[in-house]
Every structure is written in C-alpha cells, then in structure tokens.
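J.: what follows is a predicted structure for the sequence shown.
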Amino acid sequence: MNTSGSDLARELYVQFGELQQVRRVWEPAWKDVTDYIYPRRSGWSINPNHKTVRAGDDIYDGKALEAHTLMSDGIQGKMVQGTMTWFKLRFKDREVEDNQDAKKWLEECENYLYSLLQSTKFYDCESEAFPDATGICTSYVMVEDMDGELVFSPRHHLEMYISENKAGLPASPFRTDDWPYTPPAPPPAVAKPTAPPSSSVPTK
C-alpha cells in the first residue's frame, strides 16, 4: 500500500503528538532532577515570555550534585574511556571465530573504529551523555554525517522524543527543531457544480 507524502507527514505528526502527551506526565519530575542535581540541563521552557531563572539558583546544598557527578564520572570511566579498550568485536559463527585470517581482519576493523572515535568529538559527547543517563535515566545522542565526518552531539531532552517498537526498544527519533510540518487545514466546502442553462450552450 503506497502512502503519499502528505499522508505520511500527517501520520508522523499524529504520532509526535501522542509522544508529547505520554511524556508530559514525566517532564515536571525531569525538571526537578535537572534543576537540583544537573543544572546544566535545566531550562525546560521555550516560551519567550517565561521568566528567566539562572541555572542552579534553587540549589542550597551541593551534596546531590556532587553525588550525581561522582556516579556519572565513575560509570563513564569504567565503561567508555578513550585510553582503554572498552569493546571487542567477535564473530557469532564459532568456525569463523577460530579462523586466523578472519580474526586478523576483525582486529583491523576494531582498530579502525577506535581510531575513528578518537578523531571525532565522541568522548566529549559522552561526557554530557552519561550525566543525562544517570540523571533522568534517558540520554539522546545524535550521530550525523557532515561532509564525510561523523559528528556526535548530546541533545537536550526538551527537543527530542523517541518512539518504541513492540519489543520496547527505541525505534524512531523525533526532533522538535526539525519539525516544519503543519497539518493542512481541511479543504473548504465547495458547492456541487450545476449544469449551465440551455441558453448558454453554444450550438453549431
């Protein structure tokens, strides 16, 4: 079944609205978390008339902030670090895994991936992504190809929405900055055409 561009856009717009509705329940709690333990990610209003409050103004005790920083830095240091080997590639097929030529090729691929990550801002990005993940248990990292180079950027939760598939895994990301579509208004009612009077019909 073919779907036209406007029908697809309308369907995505409806899905985006549903995601907003579901997440709206959680956003006040997320705001409290970021305001008190991770003020760099506070700022949940895009209303230009909203009163501006400096990040961290509501913090009177830094213990929660220090604990969050210690946890996120510790987890990142143990899991993802540019100076350590933190992932390994393996073949699923045991017979291929035991092949020395195949193993050498896979090691070269692994080394290439490490070199690729080192040449990008990946590790700087993770320094923002881990506090997001340990703060409100959700982290958004966008990966874009810009002129043949990989660009990693941690996005604020305000601008990102992610739908899930039937297995509960992330499926489709929605980003509010890139949402130019406005649902078209229904077409105006048009009166049914009537046949012209017989006198206006030209005759040969």
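T.: Sure thing, it's come through. Owing to the predicted nature of the structure, the values given are computational and were not obtained by experimental measurement. Numbers count the residues shown, from 1 in each chain.
J.: lowest-scoring secondary structure element of this structure by mean pLDDT?
T.: Lowest mean confidence among the helices and strands of the chain (mean pLDDT, DSSP states H and E): strand 170-175, at a mean of 83.
J.: give me the helices and strands touching that strand, please.
T.: Contacting strand 170-175 under the criterion 3 or more Cβ pairs under 8 Å, 6 or more residues apart in numbering; DSSP states H and E are the following elements: helix 5-23, strand 160-164. To be clear about C-beta, it is placed using only N, CA and C from the backbone, and glycine gets the same treatment.
J.: mind redoing it with 6 Å?
T.: strand 160-164 (3 or more Cβ pairs under 6 Å, 6 or more residues apart in numbering; DSSP states H and E).
J.: can you list the buried residues in the strand it packs on?
T.: Residues 160-161 are the ones in strand 160-164 that count as buried (16 or more other Cβ atoms under 10 Å).
J.: so what touches that strand?
T.: The set of residues external to strand 160-164 that reach it, using Cβ atoms under 6 Å, 6 or more residues apart in numbering, is 19, 140, 170-175.
J.: one more time with 8 Å, if that's ok
T.: With contact meaning Cβ atoms under 8 Å, 6 or more residues apart in numbering, strand 160-164 is reached by 15-16, 19-20, 23, 140, 170-176.
J.: tell me who's in contact with E97.
T.: Remark: with contacts taken as Cβ under 8 Å, 6+ apart, E97 is in contact with 90-91, 103.
J.: which single one of these is nearest to G135?
T.: Distance to G135, by Cβ to Cβ, is smallest for R90 among the contacts of E97, at 32.7 Å.
J.: my guess is the closest one contacts L106, does it?
T.: Yes - R90 is within contact range of L106, at 7.4 Å (criterion: Cβ atoms under 8 Å).
J.: who has more neighbours, those two?
T.: Counting neighbours by other Cβ atoms under 10 Å for R90 and for L106 shows that L106 has the greater number, 17 against 11.
J.: for the more buried one, pull up the helix or strand it's in.
T.: Assessed by DSSP states H and E, L106 sits inside helix 100-118.
J.: what are the buried residues along the least confident helix or strand of the chain?
T.: Along strand 170-175, these residues count as buried under the neighbour rule (16+ other Cβ under 10 Å): F174.
J.: surely F87 is within a helix?
T.: No - note on F87: no helix contains this position according to DSSP: H, G, I helix; E, B strand; the rest coil, which reports coil.
J.: hang on, isn't S42 packed against W30?
T.: No - contact between S42 and W30 fails when scored by Cβ under 8 Å: they sit 9.9 Å apart.
J.: who does E164 form a beta bridge with?
T.: Each beta-bridge partner of E164 is listed here, defined by DSSP bridges: P170.
J.: how close does it sit to F174?
T.: When distances are taken as Cβ to Cβ, to the nearest Å, E164 and F174 turn out to be 12 Å apart.
J.: what is the burial count for G77?
T.: Under the neighbour criterion other Cβ under 10 Å, G77 is assigned a count of 12.
J.: with W30 instead?
T.: W30 has 19 neighbouring residues, counting by other Cβ under 10 Å.
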